[in-house]
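Asks: predicted structure and sequence below. I'll ask about it afterward.
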Amino acid sequence: MTSLLRSLFSYPLLARELTERAARRRTYAGRVAYGVVLYAMFLYALHRVIGIAAGDPSGLSVLGVGRDLFSDLVVLQCSGVFIFQPALMAGVITYEKERDSLSLLLLTGMSPTKMLVEKTLAGLLPMATLLLLALPLGAITMAYGGVSPQLLAAGSCVVLSAWLQAGAFALLCSAWCRTTVGAMLCSYLVGAVVFLTPAVAYSLGVRYVLWGADVHGFEIPSWIWAHWPPEAFSRILSEQEGAASVLASDSTALWPRLFSTTWEHCSPLIGSAGVCWLLARLVLMRRAFAPARTRRVKKIAHSTVKWFRSFRPAHVDLPKDDPVAWRESGRGVLGRRGRFAYLVVVLGVLTLAMSFFLLGIYPRTEGPQRLHHFAVVIGSAAVLVLVVRSVGAMLSERSNQTLDILLTTPLGAVEILREKVRALWRYWVLFALLLGIVFALQGWSEYQYLRSNMMWRSLGQYWLCAGLVLLVYPPLIIWVSLLFALRLRAQAKAIIATLCIFALWFIAPLATLHFTMPSWRDQPTGLWLSLLSPLGILDANEHNNLAQFFVEVLKSGRTVISIGRPLSPVLYNFAIYTLLTLGVRALCLRKAELWLRK
């Protein structure tokens with residue numbers, strides 16, 4: 001009996017996982033980064049609220065705004081869960097597969113269910129320490145008024161549901177995939193597809209409702225965003241306001257009403273978490289020792305293509321003067337010339353067809369906004385692919401133990417690095433073509449439907465800015481990724497670090513301006529500060545604010561003329577980022593010999 005109780009209430013695997021995490025420096029670095037970002041964004045929102053109250057000498061206008069602050073805090077916490085939890089959970093099982101220690105765990109007599117429970121707790125508990133950082137901020141929101149204990153409990157339930165949902169889905173990906181990188185990419189990409197599929201299907205079939213586009217008082221059906229925690233909390237908040245007005249005389253009845261409302265909106269999140277956990281238990285043993293083999297359908301397709309190519313053999317490129325680039329291109333997805341041309345044509349046609357389809361949905365005046373979201377999806381995929389391919393181009397040599405062999409060749413570390421970059425130009429060209437199609441049609445649709453005063457010169461400026469984005473930013477992404485690959489040894493660690501840097505760099509300046517200066521698009525100072533993010537010039541281009549950076553006022557009698565210089569911020573922005581790219585490139589080439597041989 002004692003041994004049975006000891007086996008039930010002992011968690012050796014959990015203790016080992018937590019001990020290993022406590023010994024890693026990146027655990028504490030991640031906590032510090034999460035805390036800094038969370039507190040910084042909350043302080044910016046608080047600063048905005050205090051600025052609104054500055055015009056009231058009595059200061060009473062700030063009372064009751066704690067409700068908005070608490071809503072922002074819940075959204076920030078849910079966003080943090082979706083960003084950090086997959087990274088913390090995706091490797092809990094694949095780490096054992098990569099070390100070939102999963103079979104040893106099964107030999108210990110531990111049941112797969114108990115093993116999965118301990119792995120789940122090992123992935124969830126580190127995120128709990130991050131969520132607890134928001135407790136002082138919740139107290140601050142209550143001090144400003146408008147946040148009742150019932151609302152505080154409802155927000156906590158939504159955050160906890162999002163926490164369990166993201167953790168369970170990442171655990172399923174970890175049980176299915178063979179590598180940590182694959183599980184992490186599956187958690188982010190497949191998770192985004194799963195959560196957005198109902199909204200995308202409804203947008204294409206009935207009405208466009210993505211990204212809160214419920215205009216003209218249109219009510220979005222609750223099932224569309226049932227698995228999206230921020231939307232669940234907004235519905236709880238609206239229903240709680242209605243219940244508070246109805247039950248104002250009986251405060252004791254608020255708790256049961258709010259509990260039922262919270263459970264109604266959180267049950268889909270908790271239910272999906274339970275389904276993902278059961279699926280993870282189902283595939284754990286089935287995928288534990290699955291060999292890395294090609295599926296039967298893929299084998300048949302490969303044999304068919306090989307049979308057709310036997311009638312007209314493909315041209316084989318020889319290494320000539322770029323052996324590393326030839327070797328790197330030959331083993332990539334876009335390696336051969338025929339495959340590269342085929343994918344470019346197919347994806348280009350699909351992108352063109354999808355863009356025309358989004359423009360054709362009624363009303364057509366919202367076509368540019370739909371193309372903007374489509375460009376965001378393609379751009380995010382481009383950043384992800386360029387980062388993964390750039391980091392993998394260097395660190396796969398370390399994992400395959402072929403870097404030492406390459407360094408013994410007469411090429412040298414600098415030439416190896418240059419040829420690695422040369423092999424990545426196909427991905428650059430592919431995504432530049434796809435985004436170029438979207439940007440061209442977006443500018444044309446704005447010229448047709450939105451900007452009545454848009455002349456051909458303005459349209460040319462719009463296309464020029466978008467073209468420079470596709471010309472300048474991809475090399476910057478590639479060289480910064482290679483910089484992290486040269487400095488870090490672990491491939492997953494380098495990919496996560498690079499993606500976090502780009503996420504902060506691209507989003508943080510614009511988010512800061514949004515919280516501190518709500519009308520920053522109307523002020524030259526805010527527009528110049530937006531250029532700290534590479535997306536700032538794109539935002540100014542799409543909102544027709546390029547002429548607002550420089551404004552010269554000419555007075556002639558009673559006539560006042562404002563003249564702007566729209567090309568100046570474009571040239572300044574891309575000149576700075578080009579110099580930054582050249583600086584990172586020079587640093588990588590200068591230190592390549594030292595860092596690769598270290």
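Replies: Yes, it's here. These figures come from a predicted structure and were not determined experimentally.
Asks: now the strands: where do they sit in the chain?
Replies: For the chain, strands defined by DSSP state E occupy the ranges 551-556, 559-564.
Asks: I'd say residue 446 and residue 462 touch.
Replies: Yes: counting by CB atoms under 8 Å, residue 446 touches residue 462, with 7.4 Å between them. Placement of C-beta: from N, CA and C, glycine included.
Asks: coming back round to it: rank the strands of the chain by mean pLDDT and give me the bottom one.
Replies: By mean pLDDT, the lowest-scoring of the strands of the chain turns out to be strand 559-564, with a mean of 48.
Asks: and for residue 344, the neighbour number?
Replies: The number of residues packed near residue 344 is 16, by other CB atoms under 10 Å.
Asks: how close does it sit to residue 371?
Replies: According to CB to CB, to the nearest Å, residue 344 stands 20 Å off from residue 371.
Asks: ditto for residue 202
Replies: Counting by CB to CB, the gap from residue 202 to residue 371 is 19 Å.
Asks: with neighbour numbers in mind, choose between these two.
Replies: Using other CB under 10 Å as the criterion, residue 202 and residue 371 rank with residue 371 on top: 25 against 18.
Asks: show me what contacts the more buried one?
Replies: Residues counted as contacts of residue 371 (CB atoms under 8 Å, 6 or more residues apart in numbering) are 355, 358-359, 438, 441-442, 445.
Asks: ok, those vs residue 267, which is closest?
Replies: residue 358 (33.7 Å; CB to CB).
Asks: got the contact list for the closest one?
Replies: Residue 358 sits in contact with 367, 370-371, 374, where contact means CB under 8 Å, 6+ apart.
Asks: in TSV: those, plus distance to residue 146.
Replies: Shown next, in TSV, are those (distance: CB to CB, whole Å):
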residue	distance to residue 146
367	39
370	36
371	38
374	38
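Asks: narrow those to those in helices?
Replies: Among those, DSSP state H puts 367, 370-371, 374 in helices.
Asks: domain parsing for the protein?
Replies: Residue ranges for the domains of the chain, per automatic domain parsing: 2-290, 308-597.
Asks: skip the chain neighbours and tell me the closest residue to residue 478.
Replies: Distance criterion CB to CB, 6 or more residues apart in numbering; nearest residue to residue 478, sequence neighbours excluded, is residue 390 at 5.0 Å.
Asks: tell me how many other residues surround the one you found.
Replies: The burial count for residue 390: 26, using other CB under 10 Å.
Asks: would you mind measuring from it to residue 586?
Replies: Residue 390 is 17 Å from residue 586, by CB to CB.
Asks: ditto for residue 419
Replies: 17 Å.
Asks: one more: residue 105?
Replies: Distance from residue 105 to residue 586, by CB to CB: 48 Å.
Asks: more neighbours: the two, which one.
Replies: residue 105 (16 against 11).
Asks: report pLDDT for that one.
Replies: 78.
Asks: pull the contacting residues for it.
Replies: Here residue 105 is in contact with 13, 96, 115 (CB under 8 Å, 6+ apart).
Asks: switch the cut-off to 7 Å
Replies: 96, 115 (CB atoms under 7 Å, 6 or more residues apart in numbering).
Asks: and it, how far from residue 14?
Replies: Distance from residue 105 to residue 14, by CB to CB: 12 Å.
Asks: check residue 39 too.
Replies: 30 Å.
Asks: next, the buried residues of stretch 188-206.
Replies: 188, 191, 195-196, 198-199, 202-203 (16 or more other CB atoms under 10 Å).
Asks: who's in contact with that stretch?
Replies: 86, 169, 173, 209-210, 223-225, 227-228.
Asks: at 8 Å instead, please
Replies: 82, 86, 166, 169-170, 173, 209-210, 221, 223-228, 361, 384.
Asks: stretch 574-592 now?
Replies: 413-414, 416-418, 468, 472-473, 475-476, 479-480, 482-483, 486, 531, 534, 537.
Asks: return the set of buried residues in it.
Replies: 574, 577-578, 581, 584-585, 588-589, 591-592.
Asks: got those as JSON lines, with distance to residue 430 and pLDDT columns?
Replies: As requested, these are exported to JSON lines (distance: CB to CB, whole Å; pLDDT from 0 to 100):
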{"residue": "574", "distance to residue 430": "22", "pLDDT": "91"}
{"residue": "577", "distance to residue 430": "21", "pLDDT": "93"}
{"residue": "578", "distance to residue 430": "22", "pLDDT": "93"}
{"residue": "581", "distance to residue 430": "20", "pLDDT": "93"}
{"residue": "584", "distance to residue 430": "23", "pLDDT": "92"}
{"residue": "585", "distance to residue 430": "22", "pLDDT": "91"}
{"residue": "588", "distance to residue 430": "23", "pLDDT": "89"}
{"residue": "589", "distance to residue 430": "25", "pLDDT": "88"}
{"residue": "591", "distance to residue 430": "30", "pLDDT": "85"}
{"residue": "592", "distance to residue 430": "26", "pLDDT": "81"}
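Asks: could you give the mean pLDDT of stretch 38-49?
Replies: So the average pLDDT for stretch 38-49 ends up being 78.
Asks: got it, and stretch 174-183?
Replies: 85.
Asks: may I have the distance across that stretch, first residue to last?
Replies: 5 Å (CA to CA, to the nearest Å).
Asks: next, the buried residues of that stretch.
Replies: 174-177, 179-183.
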